[in-house]
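# no sequence on this one, just coordinates:
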């Protein structure tokens, strides 16, 4: 009986040791990969400043971003000259020297972030690219997001859409991320006055973009809207095409 108990205890001890050797490091890494915010580039960089904490997370973040640089859309994007080698360090030069605050991380859920990358800025519009960044497990992962959207063939004089086509886009005019609702507001002006253009609102269930609302106005008449207006509410005088 004693021998059976000894064998049982030995087997249990061996099982615990096996788990600690093979699974504990990964489990520990997952626990460590919990942070409330990510600031760029301090929390996502290949450079290791003195005294930095959780260096594994910073390095994993940089590697994840570098892995998707080749997938970023190039056309009309200001970062294009910096992506010839698709290296994180070259991209870092764009995001810190050429266009400061070009990269922002918005929390979606535990260990998952929406990453906004400025593609271009004009007089009254902006074009951004978005990534889903996930560090719930290490190594961290990232992917370029495609957004469901609407494309129109329209008559400006009568403010009517002749045809409406469902499309998927990688660049869009994201203006504001609502941290409470976890929604992205898109607002594109047809001209500076803001009396025509496009408005959209997206949520991110499980990290995938979902179109919640789409409005448009084609004629350059009537009330003008600005970014502060659409942050508060959708442009009610623009026709809702979705849902």
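On my side now, so go ahead. Values in this document were obtained by computation on a predicted structure and should not be read as measured data.

# Quick check: end-to-end length of stretch 173-186?
End-to-end span of stretch 173-186 (C-alpha to C-alpha, to the nearest Å): 5 Å.

# ok, and what's touching that stretch?
The contact list for stretch 173-186 (C-beta atoms under 8 Å, 6 or more residues apart in numbering) reads 106-109, 114, 116, 125-128, 130, 172, 187-188, 198-204, 209, 212, 227, 230-231. Backbone N, C-alpha and C define where each C-beta goes, glycine included.

# what about 7 Å?
106, 108, 114, 116, 125-128, 130, 172, 187-188, 199-204, 212, 227, 230-231 (C-beta atoms under 7 Å, 6 or more residues apart in numbering).

# From those residues, which land in helices?
227, 230, 231 (DSSP state H).

# Number of residues surrounding the residue lying closest to the second one once chain neighbours are set aside?
Read it as residue 230. Using C-beta to C-beta, 6 or more residues apart in numbering and skipping residues adjacent in sequence, the residue nearest residue 230 is residue 187, 4.8 Å away. As a burial measure, residue 187 scores 27 neighbours (other C-beta atoms under 10 Å).

# show me the contacts for residue 187.
Counted by C-beta under 7 Å, 6+ apart, residue 187 has contacts 173, 175, 199, 227, 230.

# Serialize these to TSV and add fields for neighbour count and pLDDT.
Formatted as TSV, the contacts of residue 187 follow (neighbours: other C-beta atoms under 10 Å; pLDDT from 0 to 100):
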residue	neighbour count	pLDDT
173	19	97
175	19	97
199	22	98
227	14	97
230	21	97
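
# For the residues you listed, please prepare a markdown table with the additional fields distance to residue 217.
Output for those, formatted as a markdown table (distance: C-beta to C-beta, whole Å):
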| residue | distance to residue 217 |
| --- | --- |
| 173 | 15 |
| 175 | 16 |
| 199 | 9 |
| 227 | 16 |
| 230 | 12 |
